[in-house]
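okay, structure incoming, though there's no sequence with it:
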């Protein structure tokens, strides 16, 4: 007797409820499902990791920062309200998943997308755009909305039972919540996008990095999430911690051979990072950054303050005069 070949599918997972349900729908048909989640400084695989642990569905994580940044410079379909290139982002993810599908012997790729749920990236037109630009047209299945979308090759050839798939559309979550109860899914994140590129303030910082500073590395992209960012000129900006969490992150990202780290010598206050500042140790720059640092402590504006400047694992002290935070608002990115 010839055994029937096991059908395998690779799904894009955000870790949200839709991703979980799309995989469970296919699993219920006896299809072997696995997930892939992508990592950049703008979105994290953390929710997908949690979903994988909860469901037992294997998860592959891939960092796509380098190719993502190339796309982000000029996305063919343009940006959304901020720096979010949603359609080209999805096309790239399907492309990367498709390459792995081809290399590893999966039969098709799928996602938890729901037709009409998101106004830019999940309309039928945008779904068509994504598939046409993914490089894997015909190999993409959206299980939650399959019955209201054109029939795919996987359904036509019997790899997938179309009648056992969903017909969800629109922004209501009622059907998904009912399915969650049916499948016993209780732990999932809220349906917010989770992409920092949709955030106005983060997008402004990223645009400054790309268009004003121009030269940057992956660490600089991660730094955009933390603290206040103030630009002195096209080469020099500072990152000022807003909380103890920010301070910890700034210290962790500090590179002694490249950066300058500033703090008040005695008072609690922010860590101030000058990325790449070790190449520019001008007293004026250090004094200005130190004055801003002191201004965010209990030092009164205009009063003397002693700061500690650290670089190349060496420290020295400077006297500055505290600058009131509102005085540097024009430098804020």
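Thanks, I have it. As the structure is a prediction and not an experimental result, all values here were calculated from the model. Residues are numbered from 1 along each chain as shown.

poorly predicted segments of this protein, please.
The model of the chain has pLDDT under 70 over residues 1-4, 118-121, 192-193, 280.

quick one: the strands in it?
Secondary structure of the chain (DSSP state E): strands at 8-12, 32-39, 59-63, 108-110, 140-141, 228-231, 237-240, 260-264, 272-274, 304-311, 314-321.

out of the ones you listed, nearest to residue 250?
strand 272-274 (4.9 Å; Cβ to Cβ). For glycine as for every other residue, the C-beta is placed from the backbone atoms N, C-alpha and C.

run the chain-centre distance for that closest one.
In this view, strand 272-274 has its centroid 23 Å away from the chain centroid, taken as Cα atoms, centre = their mean, to the nearest Å.

check contacts around residue 234.
By Cβ atoms under 8 Å, 6 or more residues apart in numbering, the contact list for residue 234 reads 212-214.

out of everything not next to it in sequence, what's closest to the residue most central in space within the chain?
Nearest to the mean C-alpha position of the chain, by Cα atoms, centre = their mean, lies residue 43 at 1.5 Å. Closest residue to residue 43 apart from its sequence neighbours, by Cβ to Cβ, 6 or more residues apart in numbering: residue 195 at 4.8 Å.

circling back to that earlier point, please tell me which one of the contacts of residue 234 counts the most neighbours.
Comparing those by number of neighbours (other Cβ atoms under 10 Å), residue 213 comes first, having 17 neighbours.

any idea how far residue 216 is from the residue nearest to it when sequence neighbours are not counted?
Distances taken as Cβ to Cβ, 6+ apart put residue 234 closest to residue 213, at 6.4 Å, once the chain neighbours are dropped. According to Cβ to Cβ, to the nearest Å, residue 234 and residue 216 sit 12 Å apart.

residue 231 now?
Distance from residue 231 to residue 216, by Cβ to Cβ: 13 Å.

list the residues that contact residue 284.
If a contact means Cβ under 8 Å, 6+ apart, then residue 284 has no contacts.

I should have written residue 306 there, sorry.
264-266, 317-319.

quick check: of the residues you listed, which lies closest to residue 279?
Using Cβ to Cβ, residue 318 comes nearest to residue 279 of the contacts of residue 306, at 18.5 Å.

what's around the closest one, how many residues?
By other Cβ under 10 Å, the residues close to residue 318 number 17.

thinking it is in contact with residue 287, fair?
Yes - under the criterion of Cβ atoms under 8 Å, residue 318 makes contact with residue 287 at 6.9 Å.

re earlier: distance to residue 55 added to the contacts of residue 234, as a markdown table?
Below are these laid out as a markdown table (distance: Cβ to Cβ, whole Å):
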| residue | distance to residue 55 |
| --- | --- |
| 212 | 44 |
| 213 | 42 |
| 214 | 43 |
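
burial count for the nearest residue to residue 105 once chain neighbours are set aside?
Excluding its sequence neighbours, the residue lying closest to residue 105 (Cβ to Cβ, 6+ apart) is residue 8, at 6.7 Å. Residue crowding around residue 8 was assessed by other Cβ under 10 Å; the count is 16.

go on, residue 125?
Residue 125 is flanked by 8 other residues according to other Cβ under 10 Å.

what's the answer for the one 4 residues further on, then?
Neighbourhood size, residue 129 [other Cβ under 10 Å]: 18.

surely it and residue 87 touch.
Yes - Residue 129 lies in contact with residue 87 (Cβ under 8 Å); the separation is 5.3 Å.

buried residues of the longest helix anywhere in the chain, list them for me.
In the chain, assigned by DSSP state H, the helix with the most residues is helix 86-104. Within helix 86-104, the residues scored as buried using 16 or more other Cβ atoms under 10 Å are 86-98, 100-101.

and which of those residues is nearest to residue 113?
Using Cβ to Cβ, the shortest approach to residue 113 within those belongs to residue 90, at 8.0 Å.

so what's that closest one closest to, chain neighbours aside?
Residue nearest to residue 90 in three dimensions, not counting chain neighbours: residue 130, with 4.5 Å by Cβ to Cβ, 6+ apart.

list the residues that contact that neighbour.
Shown in contact with residue 130 (Cβ under 8 Å, 6+ apart): 87, 90-91, 94, 121, 140.

and if we set it to 7 Å?
Taking Cβ atoms under 7 Å, 6 or more residues apart in numbering, we find residue 130 in contact with 87, 90-91, 94.

what of residue 164?
residue 29.

same check, this time on residue 23
The contact partners of residue 23, taken as Cβ under 7 Å, 6+ apart, are 11, 33, 35, 57.

tell me the contacts of the nearest residue to the third one once chain neighbours are set aside?
Just to be clear, that refers to residue 35. With sequence-adjacent residues excluded and distances taken as Cβ to Cβ, 6+ apart, residue 35 is closest to residue 13, at 3.8 Å. Taking Cβ under 7 Å, 6+ apart, we find residue 13 in contact with 19, 35-37, 48, 51, 59.

if you set the cut-off to 10 Å instead, what comes out?
With contact set as Cβ atoms under 10 Å, 6 or more residues apart in numbering, residue 13 has these partners: 19-20, 22-23, 33-38, 45, 47-49, 51-52, 55, 57, 59-61, 110-112.

surely residue 135 and residue 109 touch.
No - checked against Cβ atoms under 10 Å, the pair residue 135 and residue 109 is beyond contact range at 11.1 Å.
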